[in-house]
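Enquirer: Okay, predicted coordinates and the sequence, questions at the end:
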Amino acid sequence: MNLALFKEKLDLYERLMRLDKPIGILLLLWPTLWALWIASRGAPGWMLAWIFVLGTVLMRSAGCVINDYADREFDRHVERTRERPLTAGKVSVREALVLATVLTLCAGLLIVRLNKLVWLLAVVAVFLAVSYPFTKRFFAIPQAYLGIAFGFGIPMAFAAVHGSIPALAWWMLVANIFWAIAYDTEYAMVDRDDDIRLGIKTSALTFGQFDVAAVMLCYGIALAILAWIGTQQHFGYFYFGGLAVATGVALYHWTLIRGRERMKCFKAFLHNNWLGAAIFLGIAAELNLKPLLR
């Protein structure tokens with residue numbers, strides 16, 4: 001294989017893994033970091049932090065490959081997705097499956113030295129990542145399943161730090177489910193017409209004319225749960241300041257999606273990175289900065 005062909009293959013694999021569009025990695029990473037910081041009270045250790053960051057990148061990349069494998073017949077009928085490497089025939093099915101397997105095994109190697117509960121949860125996480133793309137065939141709100149898959153780093157983080165999973169972790173996962181329904185419904189609003197034509201089930205179609213209201217309600221529930229968690233953890237103004245910023249971001253999204261314009265809905269979806277970042281910065285400031293100011 002000559003150098004030019006090698007570089008072309010790497011570019012195709014990068015696109016297949018969505019490394020050129022890191023929003024999915026960030027939406028998966030933020031709740032994992034929320035949990036890791038809260039579980040460790042702001043001191044997870046750099047090694048553990050890197051394990052979860054790199055593991056997130058690897059598993060999100062593997063999930064994208066599996067998603068494109070599952071949706072390859074649908075994607076060819078959607079303008080936005082028809083040029084994806086697998087759908088366009090630039091990467092073979094065999095290559096895609098090998099790539100997904102290698103990425104998953106590499107992620108597994110990262111947790112070898114962690115406890116057995118983390119290993120068990122990792123198996124569940126792989127199942128969620130592999131099965132999610134198929135839920136769009138039969139589940140009215142597959143975004144809820146996505147929320148579980150994207151939030152499963154939460155119980156894994158607590159398990160890695162404590163060797164157990166407290167109720168707090170499950171409440172954080174519930175909050176993430178509602179957040180995922182909100183942002184992925186915004187994403188589904190972009191492809192509404194194509195999804196109707198192809199018979200794919202999404203929350204945007206299930207909610208119908210109440211889609212905007214449902215998105216805002218899900219934001220509200222997610223933020224309310226996180227606020228309740230803050231009171232239970234006796235967090236103060238840094239944490240709630242982060243939630244206030246996140247609330248402002250969610251309200252800004254309402255101004256974008258209320259007209260149901262495709263590109264504005266997509267902008268709102270992408271903007272969720274800042275909502276997740278605001279919550280994390282509030283947690284980090286509460287646990288790492290606030291003690292220094294006493």
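Expert: All right, it came through fine.
Enquirer: any idea how far the host helix or strand of Ile148 is from the chain center?
Expert: Following DSSP states H and E, one finds Ile148 within helix 142-151. Helix 142-151 has its C-alpha centroid displaced from the chain centroid by 8 Å (C-alpha atoms, centre = their mean, to the nearest Å).
Enquirer: So in the chain, where's the weakest helix or strand by average pLDDT?
Expert: helix 72-75 (a mean of 73; mean pLDDT, DSSP states H and E).
Enquirer: What's the first helix or strand after that helix?
Expert: Heading C-terminal from helix 72-75, the first helix or strand you meet, by DSSP H and E, is helix 93-110.
Enquirer: what comes up buried for that next one?
Expert: Within helix 93-110, the residues scored as buried using 16 or more other C-beta atoms under 10 Å are Glu95, Ala96, Leu99, Ala100, Leu103, Thr104, Cys106, Ala107, Gly108, Leu110. C-beta here means a position set from N, CA and C on the backbone, and glycine is covered the same way.
Enquirer: now, the most widely separated pair of the residues you listed?
Expert: Greatest spacing in the buried residues of helix 93-110, by C-beta to C-beta: Glu95 and Leu110 (23.3 Å).
Enquirer: Please convert the buried residues of helix 93-110 to CSV, extending it with pLDDT.
Expert: Listed next are those as CSV, based on pLDDT from 0 to 100:
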residue, pLDDT
Glu95, 91
Ala96, 91
Leu99, 93
Ala100, 93
Leu103, 96
Thr104, 95
Cys106, 95
Ala107, 94
Gly108, 94
Leu110, 94
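Enquirer: Now do the helix holding Ile148, average pLDDT.
Expert: For helix 142-151, the mean per-residue pLDDT is 94.
Enquirer: can you check stretch 8-20 too?
Expert: 88.
Enquirer: Just the C-alphas of it, formatted as CSV.
Expert: Taking Å, rounded to 0.1, in the frame of the first residue of the first chain, the C-alpha atoms of stretch 8-20 are listed here in CSV:
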residue,chain,number,x,y,z
GLU,A,8,-6.7,8.1,2.2
LYS,A,9,-7.7,5.0,4.3
LEU,A,10,-6.8,6.8,7.5
ASP,A,11,-9.0,9.7,6.5
LEU,A,12,-11.9,7.3,5.7
TYR,A,13,-11.5,5.6,9.1
GLU,A,14,-11.3,9.0,10.8
ARG,A,15,-14.6,10.0,9.2
LEU,A,16,-16.2,6.6,10.0
MET,A,17,-15.2,7.1,13.7
ARG,A,18,-16.5,10.7,13.5
LEU,A,19,-13.2,12.0,14.8
ASP,A,20,-13.7,15.0,12.5
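Enquirer: buried sites along it?
Expert: For stretch 8-20, by 16+ other C-beta under 10 Å, it's Leu12, Tyr13, Arg15, Leu16, Met17, Arg18.
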